[in-house]
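> All I have is the shape, not the residue letters:
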């Protein structure tokens, strides 16, 4: 075993850690996606009733985008403390913040009751959601990455990523059941509150599981080394994680941001904007659109670990590039299938789109984790991922809706996603392959050098 490499935990312990990360991220994404679906379906009428329907939808998606604006702040705060005091404590806090904000949305008065105060309160709670999610992602994927077997890191680290489709599946499933069981008036009056209030129960379950896992052994080792350096009066003072990231890893941050462009934009166009496009331009019912996303999310959940396992065999970059190129090429067929109005075509369009998205999203956890040293890993991975979300996922439904309103055509929207795919191809193409890196190394490059030395020794023998 290479020096500095920690032994993988027993399989049972690793499965428990994966379960804790997966359940927590599922709940967090359930809360986040629930808002996005509600924004597309009812929030325009409940909180912006004086606007034209499409303008109301734009305003509704604007509050949706506000949540993304808070994610970089969450990344900075959670990343700083996660690199200082540990991953586990911050993950518990993020779950409490997200669940509390979502539960409170279910209790909000609407515009009809309190007037302009309703959208203000909605926006404030959305900011809390975004702040919590900005800190959640980095901690969840690092907890698994730093516990897992290095040879299968892509596979194990991809499981927290399945929390996104699992949360989408849960949120869409609950909304689909309610829209099927209730009349439009009943759903708009009180039915929309049920899935938000359900979040309170889910948070209790998530906390119980998340509190039962151990802190990352890689982080504990790095913390012990940092304490030893503090005791050495001749050692250089340890810098803040953010300062270290910007000094040593600014290129990796830019790569991570570029890598997220196609992944983030395509996801929100495929899963959130489709609820607007399918119902307004293709004449599809809300129930039909929700059911299509529901089926596609189930497939998305299933393929993410497979893509993660493939990245362990061929590398993070090839799998990621396949997804970026595939999503770009799929956009015109995607909208053409939706325009037919047929349920089978709608399911096919969304499913293929999400399968290709999974090729980017699955290796992303291990890829970003492997870019940064342990004592700045939470900050680096979170900053790269969440700052990109402000330019990518945040405005994606808003831009897509505005393009539809201005051009009454899907072509500009397809070109928008294709442009994002080109940015991602350039960013990932410029990155180094990371799958052989040792996460316990002081710097990621140490792991690379060890891997190359081992390979050279083998050739010599």
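Sure, I can see it. As the structure is a prediction and not an experimental result, all values here were calculated from the model. Numbering: from 1, shown residues only.
> as a whole number, average confidence for the host helix or strand of residue 312?
Here residue 312 sits within helix 286-314, counting by DSSP states H and E. For helix 286-314, mean pLDDT is 92.
> Next: stretch 20-39.
Here the average pLDDT along stretch 20-39 is 80.
> on that earlier part again, after the helix holding residue 312, which helix or strand is next?
Next along the chain from helix 286-314, counting by DSSP H and E, comes helix 316-339.
> quick one, the helix or strand just after that next one and helix 286-314 angle?
Sequence-wise, the next helix or strand downstream of helix 316-339 (DSSP H and E) is helix 343-369. Angle of helix 343-369 versus helix 286-314, following axes from the mean of the first three to the mean of the last three C-alpha atoms, to 10 degrees, is 40 degrees.
> buried residues in helix 343-369?
Buried residues in helix 343-369, counted by 16 or more other C-beta atoms under 10 Å: 345-369. All C-beta atoms are positioned from the backbone trio N, CA, C, and that covers glycine.
> by contact count, what packs against it?
In terms of contacts (3 or more C-beta pairs under 8 Å, 6 or more residues apart in numbering; DSSP states H and E), helix 343-369 is packed against helix 117-145, helix 153-161, helix 250-268, helix 286-314, helix 316-339, helix 374-391.
> ok, and which of those has the densest surroundings?
Comparing the helices and strands packed on helix 343-369 by mean neighbour count (mean count of other C-beta atoms under 10 Å), helix 153-161 ranks first with a mean of 29.
> for that helix, packing partners?
Looks like helix 153-161 contacts helix 11-38, helix 117-145, helix 286-314, helix 343-369 (3+ C-beta pairs under 8 Å, 6+ apart).
> Where does the prediction get shaky in this protein?
Across the chain, residues meeting the criterion (pLDDT under 70) sit at 1-12, 50-58, 61, 64, 148, 226, 228-239, 441-461.
> Regarding it, what is its longest helix?
Determined from DSSP state H, the single longest helix within the chain is helix 53-85.
> in whatever helix or strand comes next after that one, what counts as buried?
Later in the chain than helix 53-85, the nearest helix or strand by DSSP H and E is helix 87-105. Neighbour counts over helix 87-105 (16+ other C-beta under 10 Å) mark 87-88, 90-91, 93-95, 97-105 as buried.
> And the next helix-or-strand element following helix 87-105, what's buried?
The C-terminal neighbour of helix 87-105 among helices and strands, as given by DSSP H and E, is helix 111-114. Across helix 111-114, burial judged by 16+ other C-beta under 10 Å covers residue 111.
> and helix 111-114, what other elements does it pack with?
Other elements packing on helix 111-114 under the criterion 3+ C-beta pairs under 8 Å, 6+ apart are helix 44-47, helix 117-145.
> Residue 340 is nearest to which of those?
Across the helices and strands packed on helix 111-114, residue 340 has its closest neighbour in helix 44-47 (26.2 Å, C-beta to C-beta).
> and stretch 74-93, how far out from the chain's middle?
How far stretch 74-93 lies from its chain's middle: 17 Å, per C-alpha atoms, centre = their mean, to the nearest Å.
> First-to-last residue distance for that stretch?
11 Å (C-alpha to C-alpha, to the nearest Å).
> Over to stretch 246-253?
Terminal residues of stretch 246-253 lie 8 Å apart, using C-alpha to C-alpha.
> Provide the contact partners of that stretch at residue level.
239, 245, 371-373, 376, 380, 383-384, 387, 431, 443 (C-beta atoms under 8 Å, 6 or more residues apart in numbering).
> And stretch 196-211, by the same measure?
19-20, 23-24, 27, 30-31, 34, 38, 88, 91-92, 95-96, 98-100, 102-103, 105-107, 174.
> same thing with stretch 304-314?
Contact with stretch 304-314 is made by 151-159, 161-162, 165, 318-320, 323, 358-359, 361-363, 365-367, 435, as judged by C-beta under 8 Å, 6+ apart.
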